[in-house]
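**Q** What follows is a predicted structure for the sequence shown.
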Amino acid sequence: MATSVVRFTLPGQTEQAHWGVLFARRIAPLAGTYATTADLVRHGQAEARAMTAAQTTVGFDEVKVLSPITTNQQFLCQGANYGSHVRESGKDPSDMPFNTFFTKASSSLTGPYDDVVRPAHVKLLDYEIELGLVLGRDLTSGVQVKPDRLHEVLAGITIVNDVSARDVQLPQGQFYKGKSYRTFGPAGPVLLLLEPAEWQRWPDLHMQLSINGQVRQEDYCGDMLYKPHQTVSEFSALQNLQAGDLIATGTPAGCAAKAPGKLSMFVGNRILSEQTKWKMFIKGGLRNPLYLQPNDVMTLNIRTDDGALDLGQQRNVVVSA
């Protein structure tokens with residue numbers, strides 16, 4: 001059975017983070033000290049899996065829940081990995097014959113209930129629910145992962161919100177810059193450690209993101225264009241990966257950002273200067289009510305429909321810088 005691990009601080013002890021296993025709304029703290037997600041993954045999984053509900057001593061609502069991914073870990077991402085999102089971006093999935101990678105600053109990681117701060121110069125703030133894969137071991141050379149052997153390279157999964165400043169990302173053509181502001185990477189609440197057989201259920205994970213109670217994004221992870229085994233294989237051939245590193249696997253349709261119509265794209269690409277085109281994009285975006293505003297509440301859930309795998313609920317409020 002999957003193990004729901006949480007990272008938290010106790011009241012009055014904000015400098016010391018602890019790990020524990022969540023049973024309903026109660027936490028069984030781990031005795032071991034694991035400073036990073038890598039330490040937990042490398043040395044604490046056996047202890048976590050051995051915990052029982054009888055060992056709970058702390059209420060979930062009594063602690064501050066932190067991101068289960070610590071900021072020493074790499075924050076790697078896939079772009080355009082759901083056909084529905086590719087189409088809403090004005091492209092054809094069949095014309096995307098490669099896996100798109102980028103990174104976010106690990107300093108953008110924040111807790112599942114922390115505020116997301118919109119910088120003063122950002123006006124087009126967007127949301128993206130994503131399934132996060134957490135590496136189970138170091139990979140310092142390329143590996144070819146088979147679909148039924150994910151447990152050999154991955155430890156668990158978590159919820160990620162790839163918050164994005166579209167008026168930085170798109171006009172400047174800089175994914176890293178537009179997606180890496182502090183607090184732009186809510187993660188958690190749990191790191192769900194999966195058993196080998198449970199990894200085969202990742203396509204059944206049902207994603208849902210709501211803004212102020214209104215559903216904006218909903219899809220199953222099985223609709224990914226490039227699957228987890230393909231992504232880990234390609235990343236490992238490209239660079240070193242460490243236990244505890246995070247890979248955010250892309251988002252489905254429903255983001256605030258939408259592609260202009262074909263006629264507008266034709267005119268913009270052939271007649272307007274780049275500067276004028278992006279000025280018009282931002283001006284149009286300011287009229288789009290879907291972009292996030294201060295006091296908006298983002299609620300994210302990922303679980304299988306039968307509840308066997310449940311990554312909990314993430315809830316973040318947007319605030320002004």
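**A** Perfect, thanks for sending it.
**Q** Verify the stated contact: L66 with A17.
**A** Yes. Between L66 and A17 there is a contact under C-beta atoms under 8 Å: 6.0 Å. Where C-beta positions appear, they are placed from N, C-alpha and C, glycine not excepted.
**Q** next structured bit after the helix or strand bottoming out on mean pLDDT in the chain?
**A** None of the helices or strands of the chain scores lower by mean pLDDT, DSSP states H and E than helix 262-270, at a mean of 51. Next in sequence after helix 262-270, counting helices and strands by DSSP states H and E, comes helix 274-285.
**Q** Would you mark the buried spots in that next one?
**A** For helix 274-285, burial by neighbour count (16 or more other C-beta atoms under 10 Å) applies to K277, W278, F281, G285.
**Q** Show me which positions of the helix or strand following it end up buried.
**A** Where DSSP H and E defines the elements, the next helix or strand beyond helix 274-285 is strand 297-303. Buried residues in strand 297-303, defined by neighbour count with 16+ other C-beta under 10 Å: M298, T299, L300, N301, I302, R303.
**Q** for strand 297-303, packing partners?
**A** Under the contact criterion of 3 or more C-beta pairs under 8 Å, 6 or more residues apart in numbering; DSSP states H and E, strand 297-303 touches strand 129-135, strand 154-161, strand 206-211, strand 310-320.
**Q** could I get those strands as TSV with mean neighbour count?
**A** Below are these laid out as TSV (neighbours: other C-beta atoms under 10 Å):
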stretch	mean neighbour count
strand 129-135	26
strand 154-161	26
strand 206-211	20
strand 310-320	19
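**Q** Can you add distance to L109 and mean pLDDT and give these back as CSV?
**A** Formatted as CSV, the helices and strands packed on strand 297-303 follow (distance: least, C-beta to C-beta, whole Å; pLDDT from 0 to 100):
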stretch, distance to L109, mean pLDDT
strand 129-135, 10, 98
strand 154-161, 9, 98
strand 206-211, 18, 98
strand 310-320, 12, 98
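**Q** Any idea which of the ones you listed gets closest to M1?
**A** strand 310-320 (11.4 Å; C-beta to C-beta).
**Q** Partner strands of that closest one and their direction?
**A** Strand pairing for strand 310-320, using DSSP bridges, gives strand 116-118 (parallel), strand 297-303 (antiparallel).
**Q** nearest to V163, of those?
**A** Minimum separation from V163 across the strands paired with strand 310-320 (C-beta to C-beta) falls at strand 116-118, 5.7 Å.
**Q** Dump the strands paired with strand 310-320 into JSON lines; add distance to L205 and mean pLDDT as well.
**A** Listed next are the strands paired with strand 310-320 as JSON lines, based on distance: least, C-beta to C-beta, whole Å; pLDDT from 0 to 100:
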{"stretch": "strand 116-118", "distance to L205": "23", "mean pLDDT": "98"}
{"stretch": "strand 297-303", "distance to L205": "5", "mean pLDDT": "98"}
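**Q** Out of the ones you listed, which is closest to G83?
**A** strand 297-303 (18.8 Å).
**Q** Using CSV, write out every CA atom in the closest one.
**A** In CSV, the C-alpha atoms belonging to strand 297-303 read as follows (Å, rounded to 0.1, in the frame of the first residue of the first chain):
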residue,chain,number,x,y,z
VAL,A,297,-7.7,30.6,-4.2
MET,A,298,-6.1,27.7,-6.1
THR,A,299,-7.2,24.2,-5.1
LEU,A,300,-5.5,21.2,-6.6
ASN,A,301,-6.2,17.4,-6.2
ILE,A,302,-4.7,14.3,-7.8
ARG,A,303,-6.0,10.9,-7.0
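**Q** just the angle between it and strand 129-135, please?
**A** For strand 297-303 against strand 129-135, the angle by axes from the mean of the first three to the mean of the last three C-alpha atoms, to 10 degrees is 50 degrees.
**Q** what residues does strand 297-303 touch?
**A** Contact with strand 297-303 is made by 116, 127, 129, 131, 157, 159, 161, 186, 205-213, 221, 292, 309-318, as judged by C-beta atoms under 8 Å, 6 or more residues apart in numbering.
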